[in-house]
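Undergrad: Show me how the following folds:
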Amino acid sequence: MSDPNGSAGGEGQAGRNLPPLRLHVPEPPARPGEAADFTHFDIPAAGAQPRPDETAQPGDMRDMAYGLVRVLDEEGRAVGPWDPRLPAETLLRMLRYMALTRAFDARMFRAQRQGKTSFYMKSTGEEAVSIGAALALSRDDMCFPSYRQQGILIARDWSIVDMMNQIYSNKGDRMKGRQLPIMYSAREAGFFSISGNLTTQYPQAVGWAMASAAKGDTRIAATWCGEGSTAEGDFHSACTFASVYRAPVIMNVVNNQWAISSFSGFAGAEATTFAARAVGYGIAGLRVDGNDVLAVYAATRWAADRARANGGPTLIEHFTYRVEGHSTSDDPSAYRSAEESSQWPLGDPIARLKQHCIAIGIWDEERHAAMDKELAEMVRDAAREAEKNGILGHGLHHPMESMFEDVFEEMPWHLKEQQQQMLDEWKAAGL
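TA: Modelled structure (predicted):
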C-alpha cells in the first residue's frame, strides 16, 4: 500500500535515496561551428535488403522498417533484388525531371530574393522522393502532397508557367491568390491542394483511398509528410483508419533530418526509425534510401502493387537530407553545422543517377551539361511568361469581390450583403 504522502510501502521512507527524475532533451550531433557527424547512422550496403512479396503480412516483414532499401551502389551500379530494371528511356526521363525540378527551384528562389514573390521552398537534395514516386504511380492515382513535392507536378508534365502563376498569385493564378505561394492545387494532375497545416493531407488521403475502395474503383492514393509531422494527431488517426480498413494508400514520411530548426530527434528519431511507426499499427513498413531514385521507384511500385491487390496500406520512410533552408524565411546556419550538406553520406540524387546512366553507357557529361543549359533556359522563359501576368507589388491581381466566390455553388444572402458592404467601403475610401 502507499502512505497518504504518496510514498511506496508502509515505512513512509521509500524512494528518498533514489536519484531525482530528469527529462531527456534531444540534441543534434553537431551545431554551428562544429564538425558534421553522421557516424551514428548505420548505412547498409546497396542490394543487401531482401524484397518480400507484395502480399506479405506486415508482421512477417518487420525488419524492413529498420533496414534501408538501396539499389545504387557507390560505383553507380544497380544491384540487388529491389533493382527495378528500368529501360534507358525511363532512366533518362527520371534524370531530366529531377534536373528540371532543381532548375525550377533555383529560378523561384531567385525570384523571391528579387522581391517578386513573398515565399518559396526548395526541394534540393530531395528530388528523388517525388520524381521516383510519380513515375511509379499511375497517372490517375491521387497524390496528397506536402510542401516539397513540386516534382510530382513536374513529372506529370504539368505546366511550370501555371505553377509560377500560383507562386506569384498573379492574374493567371487559377487559385485567385487564395493559397500561399507553393501551395499548388491541380485536380487534373491528381494533385490535391497543399495545406500549410501539418499532416492534414494524411487523413484526407486515407479517406479518399477508402472511398475509392468502397466504389470498387482501381485508383489508389499516396500522401507525404515530413518526419516531424509524424508527431501530429492527424498522422496517427490516418494510420488507425488505414490499418483497420486496409485502405489502398501509400503513406510517405520524408525524413530529411530537420524540421524548421529542430532536428529529427524531437520527433523520435533517437529511439527508432520512422518506418517503425508502421509496426504498431500492423501496416507494412519500408525504410528507403531517399537519395536513390531507383530505390524510391521500386518501393513505391511495390506499395502500389500491394494496394491494388487489396493488401492494404504501406508506410515508407524516405531517409534523405534537406540541403537548403526550410524555406526562404529560414537560415539553417543558425542551428546546424555548415558542413552537413556536403558530408551527407547518401550523396546527391541527381549525381547518383547521372553516374549510373553514364556507367551503363546511355549518358555522358557533355549531354548532361547541355541538358542543364536547356532546362535553365526553359525555366527562364517560363518565368518571363508568368511574370507578364504580374508579380508581388504590382497591386491587386483579382477583383476584390472574388474573395467571396467559389465557396458555395450559389452565394447565400448574407455573403452577398457582406460582399456589397466591402465594395461600398472600398469605393468610399477611394481605393
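Undergrad: and the residue lying closest to residue 255 once chain neighbours are set aside, what is it in contact with?
TA: Using C-beta to C-beta, 6 or more residues apart in numbering and skipping the chain neighbours, the partner closest in space to residue 255 is residue 227 (4.0 Å). Placement of C-beta: from N, CA and C, glycine included. Applying C-beta atoms under 8 Å, 6 or more residues apart in numbering to residue 227 gives the contacts 253, 254, 255, 256, 257, 259, 264, 267, 269, 274, 317.
Undergrad: Most neighbours among these, which one is it?
TA: residue 253 (29 neighbours; other C-beta atoms under 10 Å).
Undergrad: I'd assumed residue 232 was in contact with that residue.
TA: No - if you go by C-beta atoms under 8 Å, residue 253 and residue 232 don't touch, sitting 11.6 Å apart.
Undergrad: Could you tell me which residues touch both of those two?
TA: Residues touching both residue 253 and residue 232 (C-beta under 8 Å, 6+ apart): residue 225.
Undergrad: what's the burial count for the nearest residue to residue 246 once chain neighbours are set aside?
TA: In space, and not counting its chain neighbours, residue 246 is closest to residue 312: 3.7 Å by C-beta to C-beta, 6+ apart. Per other C-beta under 10 Å, the neighbour tally for residue 312 reads 22.
Undergrad: same deal with residue 65?
TA: There are 23 residues near residue 65, going by other C-beta under 10 Å.
Undergrad: how about it, what does it touch?
TA: Each residue near residue 65 by C-beta under 8 Å, 6+ apart is listed here: 273, 275, 276, 278, 279, 285, 286, 287, 317.
Undergrad: Also residue 69?
TA: Residues in contact with residue 69 (C-beta under 8 Å, 6+ apart) are 49, 82, 286, 287, 288, 289, 295, 298, 299.
Undergrad: can I assume the fifth one sits in a helix?
TA: Spelled out, it's residue 288. No - counting by DSSP: H, G, I helix; E, B strand; the rest coil, residue 288 is not part of a helix but strand.
Undergrad: For burial, what's the neighbour tally of residue 183?
TA: 18.
Undergrad: So it versus residue 196, what's the distance?
TA: Using C-beta to C-beta, to the nearest Å, we find residue 183 at a distance of 7 Å from residue 196.
Undergrad: again with residue 349
TA: Residue 349 sits 26 Å away from residue 196, taking C-beta to C-beta as the criterion.
Undergrad: what's the closest non-adjacent residue to residue 405?
TA: Excluding the flanking residues, the one nearest residue 405 by C-beta to C-beta, 6+ apart is residue 411, at 7.2 Å.
Undergrad: can you check residue 203 too?
TA: Using C-beta to C-beta, 6+ apart and skipping the chain neighbours, the partner closest in space to residue 203 is residue 238 (4.6 Å).
Undergrad: Secondary structure element for residue 123, which one?
TA: For residue 123, there is no host helix or strand (DSSP states H and E).
Undergrad: Would you agree it is in contact with residue 106?
TA: No - if you go by C-beta under 8 Å, residue 123 and residue 106 don't touch, sitting 11.1 Å apart.
Undergrad: wait, what's in contact with residue 229?
TA: 146, 198, 199, 235, 253, 267.
Undergrad: Read off the pLDDT value for it.
TA: Here, the pLDDT recorded for residue 229 equals 96.
Undergrad: try residue 197
TA: In this model, residue 197 carries a pLDDT of 92.
Undergrad: Could you check how far it is from residue 204?
TA: Residue 197 is 11 Å from residue 204, by C-beta to C-beta.
Undergrad: which stretches of the stretch 201-350 of the chain have low pLDDT?
TA: Along the stretch 201-350 of the chain, the model assigns pLDDT under 70 to no residue.
Undergrad: show me where it has strands.
TA: All strands of the stretch 201-350 of the chain, identified by DSSP state E, counting those that start in this stretch, fall at 221-226, 249-255, 284-289, 314-319.
Undergrad: Kindly reformat the ones you listed as a markdown table containing distance to residue 151.
TA: Output for these, formatted as a markdown table (distance: least, C-beta to C-beta, whole Å):
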| stretch | distance to residue 151 |
| --- | --- |
| strand 221-226 | 11 |
| strand 249-255 | 12 |
| strand 284-289 | 16 |
| strand 314-319 | 12 |
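Undergrad: which stretch among those strands comes nearest residue 75?
TA: In terms of C-beta to C-beta, the element of these nearest to residue 75 is strand 284-289, at 15.3 Å.
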